[in-house]
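Take this sequence and fold it.
(one chain, ligands or ions: 1)
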Amino acid sequence: MGKLRKRMLTALAGVVAVTGLLSACGGGSGGSTGSGGSGGDKITMGFAQVGAESGWRTANTKSIQESATSAGITLKFSDAQQKQANQIQAIRSYIQQRVDVIAFSPVVESGWDPVLQEAKAAKIPVILTDRAVDSKDTSLYATFLGSDFIKEGEKAGEWLVKDAGSKPTNVVEISGTTGSAPALDRAEGFRNATKASPNIKIIASQTGDFTRAGGKQVMEAFLKAHKDIDVLYAHNDDEGLGAIEAIKAAGLTPGKDIKIITVDAVHDGMQALADGEINYIVECNPLLGPQLMDLAKQVVDGQSIPKRVETKETTFDQAQAKEALPSRQY
Ligand code: AHR
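Below you'll find the model as predicted:
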């Protein structure tokens, strides 16, 4: 499955590296800001967001809303509360409203073909942002804008391979939302990077749904079941931050008794890294708004655009987090 996804992604032409309940009918938690539907020169975008599960998502939503305003694009925004059915309903509503372009960050990878076919039949271009779909028919969307999640998992694993050396190392993993592209790919990438190190063992893996509460709950269960945890690999900062609470409550010191690797590099995660409670963070950039608006204008204008646009990302250790924190935008 992972390999198939990887093959599909690499097969895509033109990789470019560059830097409350549903209310899809115009209201939405982010607020619709305009007329709705095509008409006049102003572009209307329907955006179906995953939810508000993490600090990353909050920064992503803000970036999209602010960029739409600066780009003069009318935004219809909906929050799917991490439910695919809500997202599908929102997309159908955008199709009915005849928006000029639909963008969305798919909660999970599978099950999108029927609604994407409806958008295609209505001649409304679709831009995938942040998370990918596993549709074999790539004509169902105009482009994908986001991160290489496999690479993110690999960076996390590579750090651990260096840090652990030949020491026996037991890892517990708190994964993201089951079936989502980042959860599948970050798990795959981490395993790619650590599989040649027999001293590194993943002794447990469970989803924390990308939330702080989920991370705390899963870590509590891990700590009860395993007395020999050396490292936690959490698929995002929020899960790691929740796990830190559980580790402290168990009388252990996060970052020392249990080393912690996370993904995102949002402000709270970076603060915990600078404070020594997290050991390493792989960045995932949420500021996709400006590029999304540029792509939307190009696609509505009929210009040809690359099928995949990747964001540039880095990694942070504790010293780098201290240096980066004062100028961090999110
Ligand atoms: O899809 C990106 C992931 O979703 C982020 O890493 C996570 O924080 C968010 O919830």
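
Close to the ligand: what parts of the stretch 101-250 of the chain are there?
Within the stretch 101-250 of the chain, the residues that sit near the ligand (CB under 6 Å from any ligand atom) are 130-131, 182, 210, 236. (Glycine included, C-beta is placed from N, CA and C.)

pretty sure I95 is in a helix, no?
Yes: counting by DSSP: H, G, I helix; E, B strand; the rest coil, I95 is located in a helix.

Which residue is the nearest non-sequential neighbour of it?
A122 (5.0 Å; CB to CB, 6 or more residues apart in numbering).

Phi and psi next, for that neighbour.
phi -80, psi 0 (degrees, to the nearest 10).

Next: S205.
Here S205 shows phi and psi, under degrees, to the nearest 10, equal to phi -150, psi 130.

Any figure for the gap between it and D294?
Using CB to CB, to the nearest Å, one gets 38 Å for the distance from S205 to D294.

gap between stretch 168-187 and the chain center?
13 Å (CA atoms, centre = their mean, to the nearest Å).

Likewise for stretch 225-239?
Mean-position distance between stretch 225-239 and its chain equals 19 Å (CA atoms, centre = their mean).

Same question for stretch 127-138.
Using CA atoms, centre = their mean, the offset of stretch 127-138 from its chain centre is 13 Å.

buried residues in it?
Residues 127-135, 138 are the ones in stretch 127-138 that count as buried (16 or more other CB atoms under 10 Å).

Ramachandran coordinates for S63?
Per degrees, to the nearest 10, the backbone of S63 is at phi -60, psi -40.

cool, S197 as well?
Here S197 shows phi and psi, under degrees, to the nearest 10, equal to phi -110, psi 90.

does the closest residue to it other than its chain neighbours count as helix, strand or coil?
Sequence neighbours aside, V161 is the residue nearest to S197 in space, at 5.2 Å (criterion: CB to CB, 6+ apart). Here V161 is helix, with the state taken from three-state DSSP.

So V161 is in contact with P198, correct?
No: counting by CB atoms under 8 Å, V161 does not reach P198; the two are 11.3 Å apart.

Look at these two and report which has more neighbours.
Using other CB atoms under 10 Å, the more surrounded residue of V161 and P198 is V161, with 16 against 9.

how close does the more buried one sit to F190?
V161 is 10 Å from F190, by CB to CB.

Which stretches in the protein count as helices?
Using DSSP state H, the helices of the chain run over 2-11, 55-71, 84-96, 113-121, 149-164, 181-194, 212-225, 237-249, 267-274, 289-300, 318-324.

picking that back up, save the buried residues of stretch 127-138 as CSV, and put in pLDDT too.
Formatted as CSV, these follow (pLDDT from 0 to 100):
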residue, pLDDT
I127, 98
L128, 98
T129, 98
D130, 98
R131, 97
A132, 95
V133, 97
D134, 97
S135, 96
T138, 96
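
Including distance to D264, could those residues go into a markdown table?
What follows is these, written out as a markdown table (distance: CB to CB, whole Å):
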| residue | distance to D264 |
| --- | --- |
| I127 | 22 |
| L128 | 19 |
| T129 | 16 |
| D130 | 12 |
| R131 | 14 |
| A132 | 18 |
| V133 | 22 |
| D134 | 23 |
| S135 | 26 |
| T138 | 28 |
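
that older thread, check contacts around the residue nearest to S197.
193-194, 196-197, 200 (CB atoms under 8 Å, 6 or more residues apart in numbering).

Return the closest of these with respect to the ligand.
A193 (17.8 Å; CB to the nearest ligand atom).

show me the contacts for the closest residue to the closest one other than its chain neighbours.
Ranked by CB to CB, 6+ apart and with sequence neighbours excluded, the top spatial neighbour of A193 is G157, at 2.7 Å. Contacts for G157 (CB under 8 Å, 6+ apart) come out as 189-194.

let's see 7 Å
189-190, 192-194 (CB atoms under 7 Å, 6 or more residues apart in numbering).

didn't A156 look like it was pressed against V282?
Yes: the criterion here is CB atoms under 7 Å, and A156 meets it with V282 at 5.2 Å.

Between the two, which is the more surrounded one?
V282 (28 against 25).

Tell me the bridge partners for the more buried one.
Beta-bridge pairing of V282 under DSSP bridges involves V263, T315.

just to revisit the earlier point, what's the overlap in contacts for A156 and V282?
Joint contacts of A156 and V282 (CB under 7 Å, 6+ apart) are V263.

So what touches stretch 170-187?
2, 82, 107-110, 131-132, 149-150, 152-153, 200-210, 215, 218-219, 222, 226, 228-236, 239, 243, 263.

what's the neighbour count on the nearest residue to G111 once chain neighbours are set aside?
Leaving aside its sequence neighbours, G111 sits nearest to Q84 (CB to CB, 6+ apart; 6.4 Å). Here the number of neighbours of Q84 (other CB under 10 Å) works out to 18.
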